[in-house]
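**Q** sequence? don't have it. structure:
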């Protein structure tokens, strides 16, 4: 069967990439979820190895020097990054790996790992996106405006992705991602070696 | 939503492309099926406009001169071809069009219509392919050997296709083709115009 798929799912906040990924792994437990590493302190309720791997700044910087991240970012004083090891080991075993990640991170990964499947989740409209951000009720009016503004910029990056899924209906959107996974596994470049062995 | 998809399904005889296409249109009645034209006489039970459009040689040749076929072949004294008009009109309306066709025809279409979705149906193994050809009980031993030999050659052409679907289970194989259709509709190049209009 060859290697697994690296599924990189991103999109602006409020598009619903989190909900889609959650639903996807509920019904596809064989998909492995990549967990990011960060140097920021764990917040209440966050579990090491589930929400993030919480590591020391010194360790993160050593890992950086040794090129052990697929992508990383420094936000204020904290690092965030995707450790390579877990992802590559699982792909090699033939497991699909899901990476829910912001657009900047996704584009860093694309440079290093072109054969990944890059999926952009879109809201049905900008109006609906604003409603969703407001609906969370966790952000100030200023934050909402800021998020809305960056969503507009982020959506322009869709052109760098392989697929775009419009999240107007969660079940259908999840189905689209599942179909993308199935179709990618039928792509000639992914099955050609197997065909040469069989025939 | 833009134009529909031209689905070109082919593969060696015995791979089961006919069964997959039949099952596909049973559950997806919105897919339009392209009907070939031929100059050979209708056989018993064949219906004009269903199995083929049975047309006169003179008419076929005039259509050829006027570039009205997506592909054609001359087998002994008879012409076979895919009329462009039906296919292009339906794609323009946003309908997906299914074309079940031999490999030579598919490759002709690829030259003219690169944006088609080219799907190759494979048997699970050559042994199983032979069993299926024999199982039909309609062919002589010589015919069987001939078909088996050309299947070997035909399978080498898989490299020119976008997708390969292994027909070891009819329901799964049909599901693979459905997933390919769904995924193709999420491909960035197909949705980019729509996204630009929406956002």
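**A** Structure received. Computed from a predicted structure; not experimentally measured.
**Q** tell me which other helices or strands the longest helix along chain A touches.
**A** Longest helix of chain A, by residue count under DSSP state H: helix A:170-186. Packed against helix A:170-186 by the contact rule (3 or more CB pairs under 8 Å, 6 or more residues apart in numbering or on different chains; DSSP states H and E) you find strand A:6-10, helix A:17-27, strand A:117-122, strand A:163-166, strand B:163-166, helix B:170-186. Yep, even glycine has a C-beta here, placed from its N, CA and C like the rest.
**Q** let's see that with 6 Å instead.
**A** helix A:17-27, strand A:163-166, helix B:170-186 (3 or more CB pairs under 6 Å, 6 or more residues apart in numbering or on different chains; DSSP states H and E).
**Q** which of these is buried the deepest?
**A** Mean neighbours per residue, mean count of other CB atoms under 10 Å in any protein chain shown, is largest over those for strand A:163-166, with a mean of 24.
**Q** what packs against it?
**A** With contacts defined as 3+ CB pairs under 6 Å, 6+ apart, strand A:163-166 has these neighbours: strand A:117-122, helix A:170-186.
**Q** that older thread, tell me the angle of the longest helix of chain A relative to helix A:17-27?
**A** With axes from the mean of the first three to the mean of the last three CA atoms, to 10 degrees as the criterion, the two stretches helix A:170-186 and helix A:17-27 enclose an angle of 70 degrees.
**Q** from the chain's centre, how far out does helix A:170-186 sit?
**A** Averaging C-alpha coordinates over helix A:170-186 and over its chain gives two centres that are 15 Å apart (CA atoms, centre = their mean, to the nearest Å).
**Q** didn't residue A:48 look like it was pressed against residue A:41?
**A** No - with contacts counted by CB atoms under 6 Å, residue A:48 stays clear of residue A:41, the gap being 11.2 Å.
**Q** higher neighbour count, the two?
**A** With other CB atoms under 10 Å in any protein chain shown as the criterion, residue A:48 and residue A:41 differ in neighbour count, and residue A:48 comes out ahead with 11 against 8.
**Q** how many other residues sit next to the closest residue to that one other than its chain neighbours?
**A** The shortest distance from residue A:48 to any residue other than its chain neighbours is 5.1 Å, reached at residue A:54 (CB to CB, 6 or more residues apart in numbering or on different chains). Neighbourhood size, residue A:54 [other CB under 10 Å]: 15.
**Q** near chain B, which residues of chain A show up?
**A** Where proximity means CB under 6 Å from any CB of the partner chain, the interface of chain A facing chain B comprises A:155, A:161, A:163-165, A:176, A:179-180, A:182-183, A:186-188, A:191, A:199.
**Q** closest one to residue A:69 among the helices and strands packed on strand A:163-166?
**A** strand A:117-122 (17.9 Å; CB to CB).
**Q** so what's the gap between that closest one and the chain middle?
**A** Going by CA atoms, centre = their mean, where strand A:117-122 is centred and where its chain is centred differ by 8 Å.
**Q** what ranges does chain A have for its helices?
**A** Taking DSSP H, the helices of chain A run over residues A:17-27, A:57-65, A:84-93, A:103-112, A:126-136, A:141-155, A:170-186, A:188-198.
**Q** tell me the angle of the helix or strand of chain A with the lowest mean pLDDT relative to helix A:141-155?
**A** Within chain A, no helix or strand scores below helix A:126-136, which has a mean of 83 by mean pLDDT, DSSP states H and E. Note on geometry: by the same axes, to 10 degrees, helix A:126-136 and helix A:141-155 are set 140 degrees apart in direction.
**Q** from the contact counts, what lies against helix A:126-136?
**A** Contacts defined by 3+ CB pairs under 6 Å, 6+ apart place helix A:126-136 against helix A:141-155.
**Q** neighbours of the residue lying closest to residue A:40 once chain neighbours are set aside, just the number please.
**A** Residue nearest to residue A:40 in three dimensions, not counting chain neighbours: residue A:78, with 4.0 Å by CB to CB, 6+ apart. Taking other CB under 10 Å as the neighbour definition, residue A:78 ends up with a count of 13.
**Q** go on, residue A:196?
**A** When neighbours are defined as other CB under 10 Å, residue A:196 has 12 of them.
**Q** what's the answer for residue A:91, then?
**A** Once other CB under 10 Å is used to define contacts, residue A:91 is seen to have 20 neighbours.
**Q** what of residue A:43?
**A** Should you count by other CB under 10 Å, residue A:43 turns out to have 8 residues around it.
**Q** and it, how far is that from chain B?
**A** Distance from residue A:43 to chain B, counting by CB to the nearest CB, to the nearest Å: 32 Å.
**Q** contact partners for the nearest residue to residue A:21 once chain neighbours are set aside?
**A** Take residue A:21 and drop its neighbours on the chain: the residue closest to it by CB to CB, 6+ apart is residue A:100, 4.6 Å away. Residue A:100 is in contact with A:9, A:17, A:21, counting by CB atoms under 6 Å, 6 or more residues apart in numbering or on different chains.
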